[in-house]
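A.B. asks: Whatever this is, show me its structure:
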Amino acid sequence: MPLDHNDTNNLIMNENVHQNKNINEYHNTNQNTFDNYHNESQNSEEDNKIPSTLLVCRTIQNQEALMPMKILFDSGASNTMIHSRCLPPGATPSINPDERTKFQTVAGLLESNRNVFLDNITFPEFDKTKRISGATAYVFDTD
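C.D. replies: Predicted structure coming up:
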């Protein structure tokens, strides 16, 4: 049974990882392989203290998402956010020209009037078979 999209609050998707891998390779591989990829992305002891994992979704804004993303579980965030560089080609965010939504994060205040919809989300490090049916993420550009 898919998880509710509200379960994805407090996620920040900040980078694509392993850009030479197709998403199907991540969906069709074993847990040990996911552990290896995750360990490769966390090189130092300091990195291991950061609450992060891999996220895989089939589409972002109805465009095929070919790369898994390294995400941060940010308990200080008020909403789910995604960096614009993580969007696949052709994924045009929805824009609300009348209102910029403000978000509190551990790093400070961010604003956005753009959002995208992520569909069929998994966190393979936790469970490859459980899926979140979808989630809305606000798009940001700052580093």
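A.B. asks: helix or strand for Phe103, which one?
C.D. replies: Here Phe103, judged by DSSP states H and E, is contained in strand 101-105.
A.B. asks: In this protein, where is pLDDT below threshold?
C.D. replies: 1-48, 143 (pLDDT under 70).
A.B. asks: and the helix or strand harbouring Val116, what does it pack onto?
C.D. replies: Under the criterion of DSSP H and E, Val116 resides in strand 114-123. Using 3 or more CB pairs under 8 Å, 6 or more residues apart in numbering; DSSP states H and E, the elements in contact with strand 114-123 are strand 52-60, strand 94-95, strand 127-140. Every residue, glycine included, has its C-beta placed from N, CA and C.
A.B. asks: Would you mind pulling up the elements that the first one packs against?
C.D. replies: For strand 52-60, the contact count by 3+ CB pairs under 8 Å, 6+ apart identifies helix 23-27, helix 31-41, strand 69-73, strand 114-123 as packing neighbours.
A.B. asks: Ala135 is in contact with Phe117, isn't it?
C.D. replies: Yes - between Ala135 and Phe117 a contact is recorded at 7.4 Å, counting by CB atoms under 8 Å.
A.B. asks: what about the two, which has more around it?
C.D. replies: Ala135 (22 against 17; other CB atoms under 10 Å).
A.B. asks: what's the neighbour count on the residue lying closest to Lys128 once chain neighbours are set aside?
C.D. replies: Closest residue to Lys128 apart from its sequence neighbours, by CB to CB, 6 or more residues apart in numbering: Thr122 at 6.3 Å. By other CB under 10 Å, the residues close to Thr122 number 21.
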